[in-house]
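Engineer: Here is a sequence with its predicted model. Questions after.
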Amino acid sequence: MKKFMLISAAALLVSTSAMAQTTVTTTTGAGHGAAIQIEPEYRTKIRSYVTEHKIRPVETREKIVVGSPVPRYVELATVPSDWGPSLTKYRYVYSGSHVMLVDPETRMVVQEVD
């Protein structure tokens with residue numbers, strides 16, 4: 001019986017690994033369970049955009065993290081359309097060498113793009 005359970009667990013692990021996809025889906029609590037999907041090529045575009053446009057990181061007293069609101073004195077930037085259609089409803093802040101996607105209505109950070 002133990003041997004059967006071990007073989008079953010190993011088969012499940014192998015099948016799960018084989019079905020892994022390249023799309024990164026992150027579920028955040030701030031989005032009320034909404035998932036933000038960022039394709040790998042869009043992640044590359046986001047990183048390139050920050051470098052090419054020499055975006056300066058914002059400086060705040062408190063650290064900007066997923067699930068926390070961005071302070072009112074921090075200006076939120078419009079997400080460029082070439083970052084992908086699913087992201088244009090968000091705004092962003094560049095902080096601590098990371099792009100933080102922000103819900104403009106609540107100012108909550110919903111995802112960190114590394």
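Structural biologist: That came through, no problem.
Engineer: Pretty sure residue 95 sits against residue 55.
Structural biologist: No. Residue 95 is not in contact with residue 55 according to Cβ atoms under 8 Å; the separation is 10.3 Å. Every C-beta, even on glycine, is put in place using the N, C-alpha and C of the backbone.
Engineer: of the two, who's got more company?
Structural biologist: Set residue 95 next to residue 55 and count neighbours by other Cβ atoms under 10 Å: residue 95 wins out with 19 against 14.
Engineer: Now tell me which helix or strand of this structure has the poorest mean pLDDT.
Structural biologist: Every helix and strand in the chain was compared by mean pLDDT, DSSP states H and E; the lowest is strand 24-27, with a mean of 38.
Engineer: Can you show me the CA trace of stretch 55-67 as CSV?
Structural biologist: The C-alpha trace of stretch 55-67 is given here as CSV (Å, rounded to 0.1, in the frame of the first residue of the first chain):
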residue,chain,number,x,y,z
ILE,A,55,12.4,56.1,-15.0
ARG,A,56,13.5,57.3,-11.6
PRO,A,57,12.3,55.4,-8.6
VAL,A,58,10.0,57.2,-6.2
GLU,A,59,11.3,57.8,-2.7
THR,A,60,9.0,57.3,0.2
ARG,A,61,9.3,57.0,4.0
GLU,A,62,7.4,53.7,3.9
LYS,A,63,8.2,50.8,1.7
ILE,A,64,5.8,50.3,-1.2
VAL,A,65,4.7,46.6,-1.2
VAL,A,66,1.9,44.4,-2.6
GLY,A,67,-1.3,44.8,-0.6
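Engineer: Contact partners for the closest residue to residue 97 other than its chain neighbours?
Structural biologist: Spatial nearest neighbour of residue 97, excluding adjacent residues (Cβ to Cβ, 6 or more residues apart in numbering): residue 57 at 6.7 Å. Residue 57 is in contact with 94-97, counting by Cβ atoms under 8 Å, 6 or more residues apart in numbering.
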